[in-house]
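**Q** give me a 3D structure for the following:
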Amino acid sequence: MTQIVTQTGLLAEAVTIRAVAASLGTPLYIIDIPQIVRAMDGLRLGLAKFYPKCEVTYSVKTNYLAAVLRRVLQAGYRLEVVSRREIRQAQLVGAVPSQLLFNGPVKSVADLEFCHQHSMDVNVDSVDELEMAATLGSPAKPFRLGIRVAALLGNGSVSRFGVDFDDAGSVKTVRRLISERPIKVVGFHLHHSSRRDALSYCERINRLHAVGRMLGIAPEYLDIGGGIGSVPPPAIAARLPYAVDSHEHWASVVGRHARAVFGEGGPKLIVEPGIGVLAGAMNYVVSIVAVKERAGGVLIAVCDGSMFDVNPLRSAISPPCVLVPLGDDGPVATEPVRLYGGTCMEIDQFGVLEGESTPRKGDLVVVANVGAYSTCLAPDFIVPTAAIYSLDPGELIRPGEPGEGFRGAGL
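**A** Here you go, the predicted structure:
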């Protein structure tokens, strides 16, 4: 085997993987940051072809590596943040308030005051937040904001996020605040991840448009959220219970629908991709430290990484894994090889090798499709913190930690 291929075309030759692993050690992340920008460019240009008044923002919570945030900002994209902590992270890499869009379910008075003071775009998540914002506006400077609308989820329930505009009491309060207090509603927001198909985003547009008409508001923007699916490799696609739209198809369907609803003079359409632009842009590299055989010929490869570094959300669908032997390929394993991490937890199985040569101690395993949420949620638990190596410009962007220090241990 001479190369691995991630879901969106990231190629890393085996010789490069071996060299980086030998230099930095394992576990190790390898990231292609320009791939993230290219994916965002593709979505933006695809939408703009049919509905020019559109914007693609970057979901900070999905991967907040400083090097990624800087590159996204340099490419001209705004950052979607969901907490004051993420605002501070964005500021540390040079973002100013006009480059931020503030969502999230928890905002303090101080958070809202910051948004109002700096005229920063913000979508309130509840009637309570709307009431707080109403106390901060003035006749001279009304508080400009958007309202998140509660989504109807795929299971038929109403999301815990946003204002439920099917609830008469909530609608009455919103109308009263809009008419009596110094606030100006300039947009609406709707997000959920229970469906990722293009048609579901058209339904989001319809719902937000209906809420605007219900309140008598012609919004400046409609934020239809994130959750856009990544186009998975065959190993994952075969196990999904639904088909995944290509980004080109998604942009065509959503852009055409927005144009049909609003024509040329409608609101700006905002999307906030996370997984869709990030998942395939990062790989995880581990070393095999032992190979064991169990009853029935079951092979187990023990690795120096952790499932929590690649699948912290405990998805039932494991990412694809590829063997990178240090020497010549051996005989092909007759059964799938189970890959386990080093955290001493029985559940720490992060993947399987199928159709590969029989692994040996010292071989490398590359796990693809791990760019979303992995580095954000990976815990400081037993195994060393993985270093992160950027293919472009070919440098270390986060050193690994050998394990001498433990966050929160009071040492």
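
**Q** quote the end-to-end distance of stretch 183-197.
**A** 34 Å (C-alpha to C-alpha, to the nearest Å).

**Q** make 43 the first number, not 1, from now on.
**A** With the count now opening at 43, the last piece we talked about shows up as stretch 225-239.

**Q** doesn't residue 408 lie inside a helix?
**A** No: looking at residue 408 with DSSP: H, G, I helix; E, B strand; the rest coil, it is strand, so not inside a helix.

**Q** what's the domain layout of the chain?
**A** For the chain, the structural domains run 45-73+323-440, 76-321, going by automatic domain parsing.

**Q** so where's this protein shaky on pLDDT?
**A** 43-53, 274-284, 444-453 (pLDDT under 70).

**Q** all helices of it, in order?
**A** Here the chain has its helices, by DSSP state H, at 56-66, 75-90, 108-116, 126-134, 151-159, 169-176, 210-222, 240-257, 276-279, 289-304, 317-320, 349-352, 416-419.

**Q** highest mean neighbour count out of those helices?
**A** Of these, the one with the most neighbours on average (mean count of other C-beta atoms under 10 Å) is helix 317-320, at a mean of 26. All C-beta spots, glycine's among them, are computed from the backbone N, C-alpha and C.

**Q** and the contacts of that helix?
**A** 78, 81-82, 85, 100-101, 104-105, 268-272, 289, 413-415 (C-beta atoms under 8 Å, 6 or more residues apart in numbering).

**Q** same check on stretch 78-96?
**A** With C-beta under 8 Å, 6+ apart as the test, stretch 78-96 has contacts from 50, 97-98, 100, 110, 113-114, 117, 119, 270, 289-290, 292-294, 296-298, 300-301, 304, 308-313, 315, 318-320, 323, 413.

**Q** redo the helices of the chain as TSV? Include distance to residue 234.
**A** TSV is the format used below for the helices of the chain (distance: least, C-beta to C-beta, whole Å):
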stretch	distance to residue 234
helix 56-66	37
helix 75-90	19
helix 108-116	24
helix 126-134	20
helix 151-159	23
helix 169-176	19
helix 210-222	18
helix 240-257	8
helix 276-279	21
helix 289-304	15
helix 317-320	13
helix 349-352	25
helix 416-419	20
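
**Q** closest one to residue 359 among the ones you listed?
**A** helix 276-279 (5.9 Å; C-beta to C-beta).

**Q** which other helices and strands does the top strand by length along the chain contact?
**A** Scanning the chain for the longest strand, with DSSP state E as the assignment, gives strand 324-336. For strand 324-336, the packing partners by 3 or more C-beta pairs under 8 Å, 6 or more residues apart in numbering; DSSP states H and E come out as helix 56-66, strand 70-73, strand 340-345, strand 406-409, helix 416-419.

**Q** could you list the buried residues of stretch 327-334?
**A** 327-330 (16 or more other C-beta atoms under 10 Å).

**Q** ok, now stretch 388-404?
**A** For stretch 388-404, by 16+ other C-beta under 10 Å, it's 390, 392-395, 398-401.

**Q** widest-spaced pair of those residues?
**A** Longest span within the buried residues of stretch 388-404, C-beta to C-beta: 390 and 399, 23.6 Å.

**Q** among the helices and strands packed on strand 324-336, which is nearest residue 147?
**A** Among those, if distance is taken as C-beta to C-beta, the winner is helix 416-419, at 17.3 Å.

**Q** the closest one - contacts with which helices or strands?
**A** Counting by 3+ C-beta pairs under 8 Å, 6+ apart, helix 416-419 packs on strand 324-336, helix 349-352.

**Q** strand partners of the first one, parallel vs antiparallel please.
**A** Pointing back at strand 324-336 there. strand 70-73 (antiparallel), strand 340-345 (antiparallel), strand 406-409 (antiparallel) (DSSP bridges).

**Q** mind checking which of those is nearest residue 143?
**A** strand 70-73 (23.8 Å).

**Q** using CSV, list the CA coordinates for that closest one.
**A** Coordinates of each C-alpha in strand 70-73 appear next as CSV, following Å, rounded to 0.1, in the frame of the first residue of the first chain:
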residue,chain,number,x,y,z
LEU,A,70,-0.8,11.8,15.7
TYR,A,71,-3.3,13.9,13.8
ILE,A,72,-2.6,14.9,10.2
ILE,A,73,-4.7,17.7,8.8
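
**Q** buried stuff in that strand?
**A** Quick answer for strand 70-73 (16+ other C-beta under 10 Å): 70-73.

**Q** possible to save the residues you listed as TSV with distance to residue 406?
**A** As requested, the buried residues of strand 70-73 are exported to TSV (distance: C-beta to C-beta, whole Å):
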residue	distance to residue 406
70	9
71	13
72	11
73	17
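
**Q** mind listing what the closest residue in space to residue 62 that isn't next to it in sequence touches?
**A** Distance criterion C-beta to C-beta, 6 or more residues apart in numbering; nearest residue to residue 62, sequence neighbours excluded, is residue 431 at 5.3 Å. With contact set as C-beta under 8 Å, 6+ apart, residue 431 has these partners: 62, 66, 70-73, 437-439.

**Q** look up how far residue 272 lies from residue 431.
**A** 21 Å (C-beta to C-beta, to the nearest Å).

**Q** with adjacent residues omitted, what lies nearest to residue 225?
**A** residue 185 is the one closest to residue 225 (C-beta to C-beta, 6+ apart), at 4.6 Å.

**Q** please apply the same query to residue 98.
**A** Residue 98 sits nearest to residue 86 (C-beta to C-beta, 6+ apart), 4.4 Å away.

**Q** just residue 233 next, same as before
**A** residue 267 (2.6 Å).

**Q** give me the number of residues near that neighbour?
**A** Neighbour count of residue 267, defined by other C-beta atoms under 10 Å: 24.

**Q** isn't it right up against residue 314?
**A** Yes: applying C-beta atoms under 8 Å as the test, residue 267 and residue 314 come out as touching, 5.7 Å apart.

**Q** which residues do those two both contact?
**A** Counting by C-beta under 8 Å, 6+ apart, the residues touching both residue 267 and residue 314 are residue 233.
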